[in-house]
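A.B. asks: Below are the sequence and a predicted model; questions follow.
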Amino acid sequence: MTPTREQILEIVSQVMDPEVPVISVVDLGIVRDVRISEGDVEIDITPTYSGCPAMQTIEGEIIEALKQHGFESVTIKTVFSPPWTTEWMSQEARRKLKAYGIAPPGKRIDNEPFGPRADLSSIACPFCESADTRLTSEFGSTACKSLHFCNGCQQPFEHFKCH
């Protein structure tokens with residue numbers, strides 16, 4: 001019996017982002033396509049950043065998850081165009097980010113010279129939901145996050161940047 005795309009996505013949805021381990025790679029939106037042909041599975045993924053160091057780990061974990069379910073022929077193809085955008089993240093991913101203490105992507109300001117960016121006035125603290133926050137560093141623990149401080153609850157927090 002040939003597996004369905006949905007069955008493959010269900011298996012792959014158990015693979016978590018190694019940098020934000022509460023979000024699956026499917027909810028993150030980096031799994032772009034699944035093709036199945038005569039038992040061969042090919043999956044397209046798009047990195048959140050072109051130089052994302054987690055992509056090799058993610059590829060290996062997707063392959064391993066599918067092999068554990070009996071799929072021997074698995075190919076991962078990295079696709080860079082169109083580039084990944086935070087708009088591809090599921091609402092579940094956004095909810096999980098906030099519960100984990102990371103502010104989900106805020107409102108995007110498009111038409112910027114270097115690409116879209118977050119409207120900093122829209123970034124609410126994931127702990128107390130105060131909008132009285134400030135940027136403290138453009139880069140957090142990973143390139144896809146920035147550091148902020150909440151003036152309301154006095155907590156530092158990370159924000160998943162808009163793309």
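C.D. replies: Looks like it came in fine. Numbers count the residues shown, from 1 in each chain.

A.B. asks: quick one: the helices in this structure?
C.D. replies: In the chain, the helices defined using DSSP state H lie at 5-12, 25-28, 55-68, 91-100.

A.B. asks: Report all helices and strands that the last one contacts.
C.D. replies: With contacts defined as 3 or more C-beta pairs under 8 Å, 6 or more residues apart in numbering; DSSP states H and E, the packing partners of helix 91-100 are helix 25-28. (Glycine included, C-beta is placed from N, CA and C.)

A.B. asks: elements contacting the helix it packs on?
C.D. replies: The contact analysis (3+ C-beta pairs under 8 Å, 6+ apart) places helix 25-28 against helix 5-12, helix 91-100.

A.B. asks: and the residue positioned nearest the centre of the chain, how far is that from Gly152?
C.D. replies: Nearest to the geometric centre of the chain sits Leu28, at 3.2 Å (C-alpha atoms, centre = their mean). Note on Leu28: its distance to Gly152, by C-beta to C-beta, to the nearest Å, is 28 Å.

A.B. asks: so how far is Asp27 from the residue nearest to Asp33 when sequence neighbours are not counted?
C.D. replies: Of all residues not flanking Asp33 in the chain, Asp44 sits nearest, at 4.2 Å (C-beta to C-beta, 6 or more residues apart in numbering). Applying C-beta to C-beta, the value for Asp44 to Asp27 is 16 Å.

A.B. asks: Look up how far Thr86 lies from the spatially closest residue to Thr85 that is not a sequence neighbour.
C.D. replies: In this structure, Thr85 finds its nearest non-sequential neighbour in His163, 5.1 Å apart by C-beta to C-beta, 6+ apart. His163 is 5 Å from Thr86, where distance means C-beta to C-beta.

A.B. asks: so what sits against both of the two?
C.D. replies: Pro105 (C-beta atoms under 8 Å, 6 or more residues apart in numbering).

A.B. asks: so how many other residues sit close to Pro53?
C.D. replies: Residues near Pro53, counting by other C-beta atoms under 10 Å, number 12.

A.B. asks: Name the surrounding residues that touch stretch 30-48.
C.D. replies: 2-5, 8-9, 12, 25, 28, 55, 58-59, 62, 66, 71-80, 82-84, 88, 144, 163.

A.B. asks: start to end distance for it?
C.D. replies: 7 Å (C-alpha to C-alpha, to the nearest Å).
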